[in-house]
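Chemist: sharing a sequence plus its predicted fold:
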Amino acid sequence: MSGALLSLVGGWWARLFGRADLARAPIVAESVAAEAIETPKKLPAYFPTGSGVEDDGAVSLAERVAETREAARLEAARSLAETLGVEAVPVVAGRARMADPKVRERTLASLRDLQQIPALQSLAQGFLQAMSRPEVAVDEVVKAISKDSALCVRVLRMANSVLVSPERRIEDLDTAVQMLGVARVRKAAQALFTLRDANRVAEGFDWRHLWIHALGTAAIAEELEQQLRSAGDSQLHLAALLHDVGKIVLSTIAPDDYRDVLVTAWNENGRLEDLERERLGVDHREAGVLFAKHNGLPDVVVEAIAHHDHPETAERHRLEVALVAVANYVSKAHGLGFSGARLDESDGEFEDLPAWDVIAEECGARPNPAAVEAELEDFVTGLRLELRELREAV
């Protein structure tokens, strides 16, 4: 097994699936009037009152995206081609197409029949199982892990990372699982199995790059949460991981139409969401919400799927939805995997995201986007490399 694979679950994997409390540099914030906050969240030292960070000449996220636009476009084109199983993404001219007035009715009927798609049902149940039964016995987990050599390597490497066991080497699975905790081990296993099965869920689609994007978004969202509050039972990881699941759902029930949607959007002949509604009568957010509710996924997952592009419209779990929104933007901007749609001018600028207002309302202070970006710099740089190695290894 390659050295890259063996090192994959060190460092970042430990941070992705649960981390120790580490001292962190503060994110500068502007105060929000206390009387405007009904139930303020915990306000840690990361939000001192201040005017922001000084301009030190650093290149902004937007400038880096512009500088690397061509490289990012080529990488995204390769990812989309691999998703569709073609040599290159076809070049097509824009074409008007009247939506069938009955197309929405047919799509909704197909969505109601999701139980007839075993692969999707297995996907949903797998995520639920990964996040449930925290009381399961360690020996039961060890027995399951021992059947998969690649997973054994990952769990042992996670246990031996500097964040978990900096002083002594762990060589047996029992001790490793005890140190890491069942929930963290299950997350690692689910990530591995999801990537392995990425080309089996929707026939004709290899959604590996989408799951890489989802893993990146989940990692960034959890990193941001660590800055805002003590880690809680928010199920943020699952919400971020599944925010784009509606794309897989639509590609499963209408593969030909969805291939056309992806290619048309790539050729800049319309936004992905608009094309989805035109061709199928629903967009991936609505399809994802129906899928999540049908499978009994937690309410925070439903909210993140429905509102991650517009967190200001969320009525519940607003902080989690806002964190997913910021993480999704950063993941796209840095080219972590490929979700099927690129950032464009309509996505706005990082510092102007509506998510910052939501975070201010929920936390009682407004993060400075430039400080957030600086805080994430090293993390995202390492994360990109780890995700690339994970994709190649799987």
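Modeler: Nice, I can see it.
Chemist: from here on, just use CA atoms for contacts and neighbour counts.
Modeler: Noted.
Chemist: before we move on, what SS does R366 have?
Modeler: With DSSP: H, G, I helix; E, B strand; the rest coil as the basis, R366 sits in strand.
Chemist: correction: A327
Modeler: The three-state label given to A327 by three-state DSSP is helix.
Chemist: burial check on P101, number of neighbours?
Modeler: When neighbours are defined as other C-alpha atoms under 10 Å, P101 has 10 of them.
Chemist: what of R196?
Modeler: 13.
Chemist: again with D347
Modeler: Using other C-alpha under 10 Å, the number of residues around D347 comes to 12.
Chemist: against E362, how distant is it?
Modeler: From D347 across to E362, the span is 23 Å (C-alpha to C-alpha, to the nearest Å).
Chemist: now the stretch 51-200 of the chain, which segments are flagged as low pLDDT?
Modeler: Counting by pLDDT under 70, the stretch 51-200 of the chain has low-confidence residues at 51-70, 72, 93-99, 115-136, 147-150, 154, 161-167, 190-191, 197-199.
Chemist: where do the helices sit along it?
Modeler: Secondary structure of the stretch 51-200 of the chain (DSSP state H, counting those that start in this stretch): helices at 61-67, 69-84, 103-112, 118-130, 138-145, 149-159, 173-180, 182-196.
Chemist: residues contacting the host helix or strand of E278, please?
Modeler: Element membership of E278 [criterion: DSSP states H and E] is helix 272-280. For helix 272-280, contacts defined as C-alpha atoms under 8 Å, 6 or more residues apart in numbering pick out 97-100, 103-104, 107, 257-258, 261-262, 264-265, 282-284, 341.
Chemist: show me which of the residues you listed are buried.
Modeler: The neighbour-count test (16 or more other C-alpha atoms under 10 Å) marks 103-104, 107, 258, 261-262, 264-265, 282-284, 341 as buried among the contacts of helix 272-280.
Chemist: taking the residues you listed one by one, which sit in helices?
Modeler: 103-104, 107, 258, 261-262, 264-265, 284 (DSSP state H).
Chemist: closest to E386 among those?
Modeler: Nearest to E386 among those, counting by C-alpha to C-alpha, is L262 at 26.7 Å.
Chemist: is it true that the closest one touches F338?
Modeler: No: counting by C-alpha atoms under 8 Å, L262 does not reach F338; the two are 11.8 Å apart.
Chemist: hang on, the earlier thing: pipe the ones in helices among the buried ones among the contacts of helix 272-280 into JSON lines and attach distance to H317 per row.
Modeler: Converted to JSON lines, those look like this (distance: C-alpha to C-alpha, whole Å):
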{"residue": "V103", "distance to H317": "32"}
{"residue": "R104", "distance to H317": "29"}
{"residue": "T107", "distance to H317": "28"}
{"residue": "Y258", "distance to H317": "30"}
{"residue": "V261", "distance to H317": "31"}
{"residue": "L262", "distance to H317": "30"}
{"residue": "T264", "distance to H317": "34"}
{"residue": "A265", "distance to H317": "30"}
{"residue": "H284", "distance to H317": "20"}
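Chemist: which of those residues lies closest to R229?
Modeler: Nearest to R229 among those, with distances taken as C-alpha to C-alpha, is H284, at 30.4 Å.
Chemist: mind checking how far the closest residue to that closest one other than its chain neighbours is from S339?
Modeler: Distances taken as C-alpha to C-alpha, 6 or more residues apart in numbering put G246 closest to H284, at 4.2 Å, once the chain neighbours are dropped. Taking C-alpha to C-alpha as the measure, G246 falls 11 Å from S339.
Chemist: what of R384?
Modeler: According to C-alpha to C-alpha, R384 and S339 sit 15 Å apart.
Chemist: same check on R186?
Modeler: 24 Å.
Chemist: hang on, the residue nearest to H284 packs against V289?
Modeler: Yes: using C-alpha under 8 Å, G246 is in contact with V289, at 7.4 Å.
Chemist: which residue ranges form the helices in the stretch 201-350 of the chain?
Modeler: 208-228, 236-241, 245-253, 255-266, 272-280, 284-294, 299-307, 318-333.
Chemist: now render the ones you listed as a markdown table, adding mean pLDDT.
Modeler: Converted to a markdown table, the helices of the stretch 201-350 of the chain look like this (pLDDT from 0 to 100):
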| stretch | mean pLDDT |
| --- | --- |
| helix 208-228 | 89 |
| helix 236-241 | 90 |
| helix 245-253 | 92 |
| helix 255-266 | 91 |
| helix 272-280 | 91 |
| helix 284-294 | 92 |
| helix 299-307 | 96 |
| helix 318-333 | 94 |
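Chemist: closest one to A71 among the ones you listed?
Modeler: Among those, the nearest to A71 by C-alpha to C-alpha is helix 318-333 (12.1 Å).
Chemist: okay, now A88: neighbour count?
Modeler: Residues lying near A88 (other C-alpha under 10 Å) number 13.
Chemist: leaving out the residues flanking it, which one is nearest to it?
Modeler: Counting by C-alpha to C-alpha, 6+ apart, the residue nearest A88 is A81, at 5.3 Å.
Chemist: quick one, what contacts that neighbour?
Modeler: A81 makes contact with 87-89 under the criterion C-alpha under 8 Å, 6+ apart.
Chemist: out of the residues you listed, which is nearest to E375?
Modeler: V89 (35.7 Å).
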